[in-house]
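Peer 1: Sequence first, then the predicted structure, then my questions.
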There are 6 protein chains.
Amino acid sequence: LKHNKDYQPLSGRVMPRFAAIKSFFRLPILEVARLGESVWDEKFDIALVGVPFDGGTSYRPGARLAPTRVREVSSLGRSYHWESKTSVFEKINAADLGDIACPPVNLDQSYTAIETFIKNGLKKSKRILSCGGDHSVTLPILRAHRAHFKKPLAFIHFDAHLDTYPAAWGNEYHHGSFVRHAIEEKLIDPKRTLQIGIRGPLASQDDLDFVTKHKMTVITIDHPTYLSFDVDALDPAYAPGTGTPVIGGLTSYEAQRILRSLKIKNLVGGDVVEVNPAFDHGDITSLFAVDVLFEMLRMMTK
Amino acid sequence: LKHNKDYQPLSGRVMPRFAAIKSFFRLPILEVARLGESVWDEKFDIALVGVPFDGGTSYRPGARLAPTRVREVSSLGRSYHWESKTSVFEKINAADLGDIACPPVNLDQSYTAIETFIKNGLKKSKRILSCGGDHSVTLPILRAHRAHFKKPLAFIHFDAHLDTYPAAWGNEYHHGSFVRHAIEEKLIDPKRTLQIGIRGPLASQDDLDFVTKHKMTVITIDHPTYLSFDVDALDPAYAPGTGTPVIGGLTSYEAQRILRSLKIKNLVGGDVVEVNPAFDHGDITSLFAVDVLFEMLRMMTK
Amino acid sequence: LKHNKDYQPLSGRVMPRFAAIKSFFRLPILEVARLGESVWDEKFDIALVGVPFDGGTSYRPGARLAPTRVREVSSLGRSYHWESKTSVFEKINAADLGDIACPPVNLDQSYTAIETFIKNGLKKSKRILSCGGDHSVTLPILRAHRAHFKKPLAFIHFDAHLDTYPAAWGNEYHHGSFVRHAIEEKLIDPKRTLQIGIRGPLASQDDLDFVTKHKMTVITIDHPTYLSFDVDALDPAYAPGTGTPVIGGLTSYEAQRILRSLKIKNLVGGDVVEVNPAFDHGDITSLFAVDVLFEMLRMMTK
Amino acid sequence: LKHNKDYQPLSGRVMPRFAAIKSFFRLPILEVARLGESVWDEKFDIALVGVPFDGGTSYRPGARLAPTRVREVSSLGRSYHWESKTSVFEKINAADLGDIACPPVNLDQSYTAIETFIKNGLKKSKRILSCGGDHSVTLPILRAHRAHFKKPLAFIHFDAHLDTYPAAWGNEYHHGSFVRHAIEEKLIDPKRTLQIGIRGPLASQDDLDFVTKHKMTVITIDHPTYLSFDVDALDPAYAPGTGTPVIGGLTSYEAQRILRSLKIKNLVGGDVVEVNPAFDHGDITSLFAVDVLFEMLRMMTK
Amino acid sequence: LKHNKDYQPLSGRVMPRFAAIKSFFRLPILEVARLGESVWDEKFDIALVGVPFDGGTSYRPGARLAPTRVREVSSLGRSYHWESKTSVFEKINAADLGDIACPPVNLDQSYTAIETFIKNGLKKSKRILSCGGDHSVTLPILRAHRAHFKKPLAFIHFDAHLDTYPAAWGNEYHHGSFVRHAIEEKLIDPKRTLQIGIRGPLASQDDLDFVTKHKMTVITIDHPTYLSFDVDALDPAYAPGTGTPVIGGLTSYEAQRILRSLKIKNLVGGDVVEVNPAFDHGDITSLFAVDVLFEMLRMMTK
Amino acid sequence: LKHNKDYQPLSGRVMPRFAAIKSFFRLPILEVARLGESVWDEKFDIALVGVPFDGGTSYRPGARLAPTRVREVSSLGRSYHWESKTSVFEKINAADLGDIACPPVNLDQSYTAIETFIKNGLKKSKRILSCGGDHSVTLPILRAHRAHFKKPLAFIHFDAHLDTYPAAWGNEYHHGSFVRHAIEEKLIDPKRTLQIGIRGPLASQDDLDFVTKHKMTVITIDHPTYLSFDVDALDPAYAPGTGTPVIGGLTSYEAQRILRSLKIKNLVGGDVVEVNPAFDHGDITSLFAVDVLFEMLRMMTK
């Protein structure tokens, strides 16, 4: 197996940024779907993967189209992180592992596919950053991490919504219930869980009971930590391309400030979810998703 | 229970067409979800219903948003049918029964909800025209009709795709397999089935075997007939707002000509499916869906 | 007459939020246009009405399309108000009364239709929240309130523009002159008038003379108060879907903060105007309009 | 007064076609609004004028934005007419006279402004091609021509709608009634009137009575003829940017064929109306409008 | 080097079609830019390459964004060709070689890059199908083919424009002059050149002189033939996503019929150019481009 | 030569703002391309010119379409400046001089055309405000100013990017290198250069070396000053219509505050660049560009 120079992004000064086959940050393409499971044995540290599943969406569907668009827009991103003065891709070896095969019509089967894929990577000591998909995909990702690290994770959660909502239309699993399941299944530690940006609509005060009961407010930093970023944490002016927008949200600058102020020592995984290109314009939501991925990559540098 | 003048559309000369709460063709609103099952006892003949389910979509999702948009655009439609010189709504009593509650994350539960809803209407001797949703919804609608009429139906099928495809990603039920199931479950009579507009991509010649074997080509006209119209039978220039467009399709004029030339004596039900407003522009696909509904209403006049 | 459970919104846990015939906040439909004037005798407190008139627009028309879109987007809204910890629809009985029939080509006739409709409701002791339409509709609404309450109203006015502009092209009545007429007709009390967000273009300093002369700055709170929200008070990044956008405006968060800080004890009516769906994207402007309506509903709870 | 070379379009080989201040076909700018009435004394034969009025629209407004967009898109048009082998602008002297000042809130005042403007031009022996605006603008244009030519005109009318509809919401004048008024006021000769593309929705058969009674079918060719082209004569696939689209219409090729087959010897004026840029995409409707103007210019060459 | 099963497209029944890293028709990725020139030694017959250059555009730029979008949309395409009953990818071995590095600001450098890339492939006996880019890219592609085949090529040219236009703004090379250069440089044989769809605007009859002089009308079929398809040969209703649209063009069905009726025995290369995603909607223009590529692939099967 | 009233904008109270041939701020049209070089002798102080060149763009092209769109949107602007209480157009005489003829395919020729055009104006003692085009156009504009003022200029630079990047794909001149050239050619004084909004992606720390070395941070105010505003200094939520957006940018309000706080005594020229209408929505980016032009006009009043 051969690929471009030692896990560096394809240079924009050789190949213009609008050109080339699109991978995350123009990184080497090591696609499991085409090249097989053996790619996990390659010498990279961090896998970027797409999780194009939106079968858990309650309003506007389309997040399945996000990984392709985020890959395209990530071509604009470069390698240097201003605030930390870090040339990120010189400090890590990252690659694009392609998408996980999630049948759009079958949530159970998709959950299994996601959990298996992530476990395969963790087993080979890779860290994995995922690009959803709707927020329901974070549950099987957390299951895989929980199994691998053998204890509940610290969890940082950007969102407009609590995602501790009860079953809807008789269905336990959807994009608004994964936090509740993550706590009930002891995947994350509610005492080490931080929720940022929450302002979403509630049906009644009962919707807050679960949160109150589990006191999800303290965050520690040397614990294995997972970060999940739902782009609807931002105001719709900054992230129109999402399924269940809520006004009054964060600006992109505020989100960037918060991300940079978090002192996480052991980020073991992360995701950005709920980008919906069909309702975006000028790709500004995808552009923000790229920045979240870049901040998480930076956190993963030493 | 009270409603506007004897099942006539709200007049555009009193209330401008862009105004008013939007129902199909501005007909009386007899919404099962709000008013209960007793509305089926009202004195109308034909129910228009929305089936906002797109959980069977294999490419661009969004057809769940169609019934709302088709209702809005149907405000432009009027009552007189040029070719047949018929004032349609003087010959029939039609009403808008609202949408069927289909959980987006659960195909089985949605199928049950659809079949039950349709059966409830048929039991009260109503004829039902449905506005999907993706094409997977036609299967439970046909099941309800088959059970009611106690024999396989004649079936007219406009589509770019055969919809006799095999299971995908291990899933039997999706928007490309309903015709195969309809034949296997003996819901429709392959000898009385007509497919129009077919040109969709095939993986291999094997995809044609099912069709060849069942010889779906002859159509008779006094048999109880169901008509299902997938808007991707049209060329993408005429129907961009759909999930799996195929170039080289019908023009809207050709489709209208074909619909008007079909001499169906006993249209017992019908649907228009696969409108996807997120990819439409200027609502031209919804506008065409309104016309299909109008042609079917006209077929149901005496 | 029958309707859904005691003026509660149709539950999103039974009927998915993208489904059902669209009414404001999924409230019961008591449409005057279809069901007649007798609906005013029903036992609700607050009427939500659409005023789809844009015949007073000076630049980009299309606000006539707003009530339909705002209804659709309000399906995402829920019932619980975070800051005040109020389950709003448990404290009030609200219903959707449909749209007022406004001929688009005739401002005088539309003004009469609006004033009459509002008066009919006030007579039955209802409070009325309107969704425009362009800002010219606020004048006949204020006329109806002034006649009913028999004294000039306190008035809170969110806008980018003063709306005290002189006649344009020889026409007194347009969407930029209603505040001037409201003061000249003594509908509102300039001493109890507050304008927020003003930054619109002026032809010359003369345009400020009317405002200076009437000293419109003080606001009291136990007086009968009317609140009018022109969405162009927001920055175009937050409300692109409007006819005469002005850069440098409020963010949605700031507007929400201001609305929540206003201590209005007797809100007798309100409106949100100048939403123009044809220039919106991802429905973010409609989404904000829904929030304004929700804040006003909350102010009307005890 | 000075202008570019003898009424020739600004060359695309000197100034790129996307550049320059936009006038129809890049012709000289002789704007009445800026330069005064004296421009009518200049030595051109044909005036192109914008009539940005949409106050007669019954559904989607926005046609007021059409003249600006059609000017922009006409930059792509060139000078040579394939079929007739004519270098059009070598045979005629044409100029852009700017827009007519039509108050959007006042139909009467706009009608007067339009009629006066057109009469001023006809008085100076100019022929005038107008770019609407909605179709209500054709009535005052016809009034001016009728007064000038002192007899009813032959009339060619491309449209999806008859435009002989009765008053709407108590209003006689709107974009669906101008043909009726034109006949009642004896502006056009029903025996020399041809309607092409008609297929629009009718409320009932009564809507056809006016047409039947006046027998509007024969067309002669040496009579002073006026041609009015409503772009909704085309199918929405070809002209989505319009206010009241109707499916099943002409293709752009068919319309072009018909225009070229009409043997009109004395075209005294014409218009293209109902372009609505807010609902267009890729400017394809404006592009077609440019072609209609070009065909009419060609008819005016000798 | 490793890749997926013997040059077959990634199966849509294993990996959903919206998922995976996007290559043309989901074929194996053998990207020269990442993997080096040695990929030309792999055992495939036909290379699909992107040529993302739009520096020759005279009106709306953006064709540089086409290869990425066409790759994405080609995911919908399948393997079976209805009319010829051919499973195309069982008869040929095709791969995606990525994009050619074309500096957007430098036409000369881009021409050299394109010619070199194509020559490298031809030298290894590959046939190459290109996806532009604006039409100026066809010139260096033809230069490479001419050098390789050592005689002028037969040439089939779909376009709205002749592309024999003279220099513009003092520049010889732009997207409207490549056919003139191709003839002057003896790259193509005017006696074996066929132009289809031509109807574009001309400045004067002089623009036809070049064509008349070279009598470009006869086509033979066993000669090495190159096919160049400018999507503006289609009507803007079918291909809005292009830089210089012209109304009155081919439908997608007509274009498909023509392509299928051409009996070309020795298609040595081809391209599809002038797709401009920024002005497309619902990706219908890209969808058509995919079909052109598929037809050319089918012609290359035995 | 004749034009409207003494360099005043066409009044919006006579001619509605959506009407008339579009010039910047509805100012008199004195187009060099149509009327010749003699217009420079007219009695105005300030020339507004369009520079529709985007041949230096590295990602999304389309800025060539900006001058036309900015002209259209500037129709909404008025004459009074709130903060400074200035009726701007009473204090200055400004006119629209049209666009500079820039061949899109040839950067060198465009640079010459721009430099010559600007010099012609400066020679006649006009001040010139330019509307790009991509940012590469600022270099020839600065060259013309440097030659005229005979010393390096103070320079204020709003941008997301440093624009001191090295050659790309072997090309020295592109939209990311003009500041470097401006310093190397001594067009601007690095000690009097201020950069605002910078946050763009860097390939590595080396990209900062040039800036560090030249210490571009101090700004004085009585020196001849040039102001260049790249709209990507704003956040994509405020300026989506641009070619290389970067998240985390200024809000329109912040930019306006900064512009108003700059105490520049001798603004000799300025530009606004990188507006790309093809990726804008609701014209909000153009709307902001109009405001930048207006602020610079205000700075030029005494």
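Peer 2: Cool, got the structure.
Peer 1: quick one, what contacts the residue in the stretch 201-302 of chain A that chain F sits nearest to?
Peer 2: Nearest residue of the stretch 201-302 of chain A to chain F: A:Gly282, at 3.4 Å (CB to the nearest CB). (Glycine included, C-beta is placed from N, CA and C.) Taking CB atoms under 8 Å, 6 or more residues apart in numbering or on different chains, we find A:Gly282 in contact with F:236, F:240-241, F:245, F:279-281.
Peer 1: one more time with 7 Å, if that's ok
Peer 2: By CB atoms under 7 Å, 6 or more residues apart in numbering or on different chains, the contact list for A:Gly282 reads F:236, F:240-241, F:245, F:279, F:281.
Peer 1: Narrow those to those in helices?
Peer 2: Nothing among the contacts of A:Gly282 maps onto helices, per DSSP state H.
Peer 1: from the residues you listed, which two are the most distant?
Peer 2: Within these, F:Pro245 and F:His281 form the most distant pair, 12.9 Å apart (CB to CB).
Peer 1: higher neighbour count, those two?
Peer 2: F:Pro245 (29 against 20; other CB atoms under 10 Å in any protein chain shown).
Peer 1: gap between that one and E:Leu259?
Peer 2: According to CB to CB, to the nearest Å, F:Pro245 stands 39 Å off from E:Leu259.
Peer 1: quick one: stretch A:25-32 near chain E?
Peer 2: Yes - in terms of CB under 7 Å from any CB of the partner chain, part of stretch A:25-32 sits within range of chain E, namely A:28-29, A:31.
Peer 1: any idea which of those is closest to chain B?
Peer 2: Taking CB to the nearest CB as the measure, chain B lies nearest A:Glu31 of these, at 17.7 Å.
Peer 1: The closest one: how many residues sit nearby?
Peer 2: 23.
Peer 1: which ones are touching it?
Peer 2: A:97-98, E:21.
Peer 1: Columns secondary structure and distance to E:Gln205 on top of the residues of stretch A:25-32 next to chain E, output as a markdown table?
Peer 2: Output for those, formatted as a markdown table (DSSP: H, G, I helix; E, B strand; the rest coil; distance: CB to CB, whole Å):
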| residue | secondary structure | distance to E:Gln205 |
| --- | --- | --- |
| A:Pro28 | coil | 56 |
| A:Ile29 | strand | 53 |
| A:Glu31 | coil | 55 |
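Peer 1: Show me the shaky parts of chain A.
Peer 2: Applying pLDDT under 70 to chain A picks out residues A:1-5, A:203, A:214-222, A:302.
Peer 1: hmm, 50 instead?
Peer 2: Counting by pLDDT under 50, chain A shows low-confidence ranges at A:1-4, A:218.
Peer 1: Where does it get nearest to chain D, which residue?
Peer 2: Counting by CB to the nearest CB, chain A gets nearest chain D through A:His281, at 13.7 Å.
Peer 1: Pull up the gap between A:Ile141 and A:Phe288, please.
Peer 2: In this view, A:Ile141 and A:Phe288 are 20 Å apart by CB to CB.
Peer 1: Likewise for A:Lys85?
Peer 2: With distances taken as CB to CB, A:Lys85 is found 22 Å from A:Phe288.
Peer 1: Ok, A:Asn106 next?
Peer 2: Distance from A:Asn106 to A:Phe288, by CB to CB: 30 Å.
Peer 1: do A:Gly197 as well
Peer 2: 13 Å.
Peer 1: for the closest residue to A:Leu10 other than its chain neighbours, what are its contacts?
Peer 2: Leaving out its chain neighbours, the residue that sits closest to A:Leu10 by CB to CB, 6 or more residues apart in numbering or on different chains is A:Arg26, at 4.1 Å. Residues near A:Arg26 by CB under 7 Å, 6+ apart: A:9-10, A:20, A:75.
Peer 1: burial of the nearest residue in space to A:Asp230 that is not next to it in sequence, as a residue count?
Peer 2: The shortest distance from A:Asp230 to any non-neighbouring residue, by CB to CB, 6+ apart, is to A:Asp159 (4.1 Å). Per other CB under 10 Å, the neighbour tally for A:Asp159 reads 25.
Peer 1: so how far does stretch A:59-73 reach from one end to the other?
Peer 2: Stretch A:59-73 has an end-to-end distance of 25 Å (CA to CA, to the nearest Å).
Peer 1: Can that stretch be said to contact chain B?
Peer 2: Yes - Stretch A:59-73 comes into contact with chain B (CB under 7 Å from any CB), by way of A:61-62, A:64.
Peer 1: quick one: contacts for the most centrally placed residue in chain A?
Peer 2: Centroid-nearest residue in chain A, with CA atoms, centre = their mean: A:Asp271, separated by 1.2 Å. With contacts defined as CB under 7 Å, 6+ apart, A:Asp271 is in contact with A:129-130, A:132, A:138, A:141, A:228-229.
Peer 1: Secondary structure class of it, three-state.
Peer 2: A:Asp271 falls in the strand class when you classify it by DSSP: H, G, I helix; E, B strand; the rest coil.
Peer 1: Skip the chain neighbours and tell me the closest residue to it.
Peer 2: Sequence neighbours aside, A:Ser130 is the residue nearest to A:Asp271 in space, at 4.0 Å (criterion: CB to CB, 6+ apart).
Peer 1: again, but for A:Val273
Peer 2: Residue nearest to A:Val273 in three dimensions, not counting chain neighbours: A:Gly132, with 3.3 Å by CB to CB, 6+ apart.
Peer 1: Run through the bridge partners of the residue nearest to A:Asp271.
Peer 2: A:Ser130 has the following beta-bridge partners by DSSP bridges: A:Val49, A:Asp271.
Peer 1: need the contact list for it.
Peer 2: Counted by CB under 7 Å, 6+ apart, A:Ser130 has contacts A:49, A:51, A:137, A:141, A:271.
Peer 1: go on, A:His81?
Peer 2: A:His81 neighbours (CB under 7 Å, 6+ apart): A:88, A:298.
Peer 1: swap the cut-off to 8 Å and go again
Peer 2: By CB under 8 Å, 6+ apart, A:His81 lies in contact with A:87-88, A:294, A:298.
Peer 1: Now the buried members of those.
Peer 2: A:87-88, A:294, A:298 (16 or more other CB atoms under 10 Å in any protein chain shown).
Peer 1: Which two among these are spaced furthest apart?
Peer 2: For those, the farthest-apart pair by CB to CB is A:Ser87 and A:Phe294; their separation is 12.2 Å.
Peer 1: coming back round to it: nearest to C:Leu35 among the contacts of A:Gly282?
Peer 2: Of the contacts of A:Gly282, the one sitting nearest to C:Leu35 (CB to CB) turns out to be F:His281, at 38.8 Å.
Peer 1: Next, see if stretch A:241-258 gets close to chain F.
Peer 2: Yes - judged by CB under 8 Å from any CB of the partner chain, stretch A:241-258 comes into contact with chain F at A:251-253, A:256.
Peer 1: now that we have those, which one has the most neighbours?
Peer 2: Busiest of the residues of stretch A:241-258 next to chain F [other CB under 10 Å] is A:Ser252, holding 26 neighbours.
Peer 1: So the closest residue to that one other than its chain neighbours: helix, strand or coil?
Peer 2: Once flanking residues are discounted, A:Ser252 sits nearest to F:Ile247: 4.3 Å by CB to CB, 6+ apart. Following three-state DSSP, F:Ile247 is assigned to coil.
Peer 1: same deal with A:Leu142?
Peer 2: helix.
Peer 1: where's A:Val39 relative to chain C, distance?
Peer 2: 37 Å (CB to the nearest CB, to the nearest Å).
Peer 1: Count the residues that sit near the nearest residue to that residue once chain neighbours are set aside.
Peer 2: Spatial nearest neighbour of A:Val39, chain neighbours left out: A:Leu30 (4.2 Å); criterion: CB to CB, 6+ apart. By other CB under 10 Å, 22 other residues sit near A:Leu30.
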